[in-house]
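Novice: pasting the structure only:
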Ligand SMILES: C[S@@+](CC[C@H](N)C(=O)[O-])C[C@H]1O[C@@H](n2cnc3c(N)ncnc32)[C@H](O)[C@@H]1O
């Protein structure tokens, strides 16, 4: 390692500060533009130049004191050292820059929504035992070390309370050198737990956990799939008129407020249009399909067979057609898309390049995209624009406070031939 003096010029897309070194950019975790630092620089396993700050010589004006006592040792909330004003501006710019890279500008920027903390309803805690010492918490950034996290400023307080309550029971589960994960998700008033990294759960522990009132389901996730070990009742999510009994570990938007904001943004785009036939691509368990039923018949597509089964069952008396389909392998063709008045699409982080190319060739008058990745969303949007769509609006919904993640809703229109 070499020690050098650096000035942070800007933040990169993952929120690290970037300083210009002699041989190119150097990335420094938890720094801010204007920070002057002495740092030990090294090349990481991927060949990226990184720096570890040994001393701050001058502090950026864009800083604020992190409020979380675990900020230094927790791998989440890596942007909590920024002032809220700077942080929000940076997130807006992140989206703007991703689109400018493809020379795209929306006609309108809709008002950005920044949600506050203590609202995450899903979280994965990791557990390990080293030299006899059990630890449960979050990984430190880019590290295999787990830090204990007894409180959290972004997660629902009752989720953290439950984690703290059961932590002592879990200690006996973890052997020396073993790593386990435990996923928590709050659905309605109840919680589900999903263990990962185990092949079975001791009966006494299962009974102990099952006796706790908020825990409604306990499952085990292995390479062979998910096995439910205990279920006291169905865990129901309400999407518009649909009451969907969620299968274990089903994707839900990470916050209830974020879900409401995204649904409202989608509905806002759809409500004044003619909508007899709508499609919901990458529909999950029906977050958008349910509310879209107010406007017409909905065809929903999703690759996860469990989510498909649950949504089909919930919508059997509605004008809802649900199909299991891998949209990466078999995207809806432009011909298939032409029968819809509106298509909503909400792909995973990788985006949906091939599906976007088919949408670009279609004549569907309204497309509404929801994405958690500005880079892939901008790339896919570029294909839509090349295919004759107009980018009417972009809206940022930040439900990932103090992280570099952000959610975006984009509305695209095309004149019907
Ligand atoms: C970001 S989530 C959105 C889910 C849903 N729209 C919601 O808001 O709850 C992306 C969804 O795409 C699904 N998915 C991932 N890869 C897929 C593929 N190749 N084909 C179809 N669906 C896929 C996932 O199972 C997940 O439900």
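Specialist: Thanks, I have it. Nothing here was measured: the structure is a model prediction, and the numbers come from that model.

Novice: going forward, measure contacts between C-alpha atoms and count neighbours the same way
Specialist: Noted.

Novice: who's in contact with residue 79?
Specialist: Residue 79 sits next to 15, 30, 87, 402-404 when contact means Cα atoms under 8 Å, 6 or more residues apart in numbering.

Novice: Please list only the buried members of these.
Specialist: Buried members of the contacts of residue 79, counted by 16 or more other Cα atoms under 10 Å: 15, 30, 87, 402-404.

Novice: For residue 201, give me its contacts.
Specialist: Neighbouring residues of residue 201 by Cα under 8 Å, 6+ apart: there are none.

Novice: now swap in residue 290 and tell me
Specialist: Residues in contact with residue 290 (Cα under 8 Å, 6+ apart) are 239-242.

Novice: Can you turn the buried part of these into a ChimeraX selection?
Specialist: The following ChimeraX line selects those of the contacts of residue 290 that are buried, judged by 16+ other Cα under 10 Å:
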select :239,240,242
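
Novice: just the contacts of residue 290 now: which is nearest the ligand?
Specialist: Nearest to the ligand among those is residue 239, at 9.6 Å by Cα to the nearest ligand atom.

Novice: Apart from its neighbours in sequence, what residue is nearest the closest one?
Specialist: Using Cα to Cα, 6 or more residues apart in numbering and skipping residues adjacent in sequence, the residue nearest residue 239 is residue 290, 4.8 Å away.

Novice: Check which helix or strand that neighbour maps to.
Specialist: Assessed by DSSP states H and E, residue 290 sits inside helix 289-292.

Novice: tell me the mean pLDDT for the longest helix along the chain?
Specialist: Using DSSP state H, we find that the single longest helix of the chain is helix 84-100. Across helix 84-100, pLDDT averages out at 97.

Novice: what about this structure, any weak spots by pLDDT?
Specialist: Scanning the chain with the threshold set as pLDDT under 70 gives 417.

Novice: Close to the ligand: what parts of the stretch 201-350 of the chain are there?
Specialist: For the stretch 201-350 of the chain, the contact set with the ligand under Cα under 6 Å from any ligand atom comprises 251-253, 282-285, 287, 302-304, 325-328, 346-348.

Novice: which secondary structure elements does the longest helix of the chain contact?
Specialist: Applying 3 or more Cα pairs under 8 Å, 6 or more residues apart in numbering; DSSP states H and E, one finds that helix 84-100 makes contact with helix 374-386.

Novice: circling back to that earlier point, distance from the chain centre to the helix holding residue 290, please.
Specialist: Offset of helix 289-292 from its chain centre (Cα atoms, centre = their mean, to the nearest Å): 20 Å.

Novice: that older thread, so which bits of the longest helix of the chain are buried?
Specialist: Using 16+ other Cα under 10 Å as the test for burial, helix 84-100 gives 84, 87-88, 90-92, 94-99.

Novice: Same list, those, but as CSV with distance to residue 199 please.
Specialist: CSV is the format used below for the buried residues of helix 84-100 (distance: Cα to Cα, whole Å):
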residue, distance to residue 199
84, 44
87, 42
88, 43
90, 43
91, 41
92, 44
94, 42
95, 42
96, 45
97, 45
98, 42
99, 45
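
Novice: Which pair in those has the greatest spatial separation?
Specialist: Pairwise distances across those (Cα to Cα) peak at 23.2 Å, for the pair 84 and 99.

Novice: Going by distance to residue 205, which of the buried ones among the contacts of residue 79 wins?
Specialist: Of all the buried ones among the contacts of residue 79, residue 403 has the smallest distance to residue 205: 34.2 Å, by Cα to Cα.

Novice: And the helices in the chain, which stretches?
Specialist: Taking DSSP H to define them, one finds helices in the chain at 84-100, 157-170, 203-210, 256-270, 289-292, 305-314, 334-337, 353-361, 374-386.

Novice: out of those helices, deepest packed?
Specialist: Comparing these by mean neighbour count (mean count of other Cα atoms under 10 Å), helix 289-292 ranks first with a mean of 26.

Novice: all strands of the stretch 51-200 of the chain, in order?
Specialist: In the stretch 51-200 of the chain, the strands defined using DSSP state E, counting those that start in this stretch lie at 108-109, 113-114, 122-130, 133-139, 146-148, 179-187, 190-196.

Novice: if we can go back for a sec, can you flag the buried ones in the residues of the stretch 201-350 of the chain next to the ligand?
Specialist: In terms of neighbour count (16+ other Cα under 10 Å), the buried residues within those are 251-253, 282-285, 287, 302-304, 325, 327, 346-347.

Novice: What is the nearest of these to residue 359?
Specialist: Comparing those against residue 359 with Cα to Cα places residue 327 closest, at 12.0 Å.

Novice: CSV for the strands of the stretch 51-200 of the chain, including mean neighbour count and distance to the ligand?
Specialist: As requested, these are exported to CSV (neighbours: other Cα atoms under 10 Å; distance: least, Cα to the nearest ligand atom, whole Å):
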stretch, mean neighbour count, distance to the ligand
strand 108-109, 13, 22
strand 113-114, 16, 17
strand 122-130, 19, 13
strand 133-139, 20, 23
strand 146-148, 20, 27
strand 179-187, 20, 13
strand 190-196, 21, 17
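
Novice: wait, which of those is closest to residue 48?
Specialist: Nearest to residue 48, of all the strands of the stretch 51-200 of the chain, is strand 133-139, at 20.6 Å by Cα to Cα.

Novice: strand partners of the closest one, parallel vs antiparallel please.
Specialist: Using DSSP bridges, strand 133-139 pairs in its sheet with strand 122-130 (antiparallel), strand 146-148 (antiparallel).

Novice: List of residues touching it?
Specialist: In contact with strand 133-139 (Cα under 8 Å, 6+ apart) are residues 74-76, 124-129, 145-150, 167, 171, 174.

Novice: same thing with stretch 97-105?
Specialist: Applying Cα under 8 Å, 6+ apart, the contact partners of stretch 97-105 are 96, 374-375, 378-379, 382, 391.
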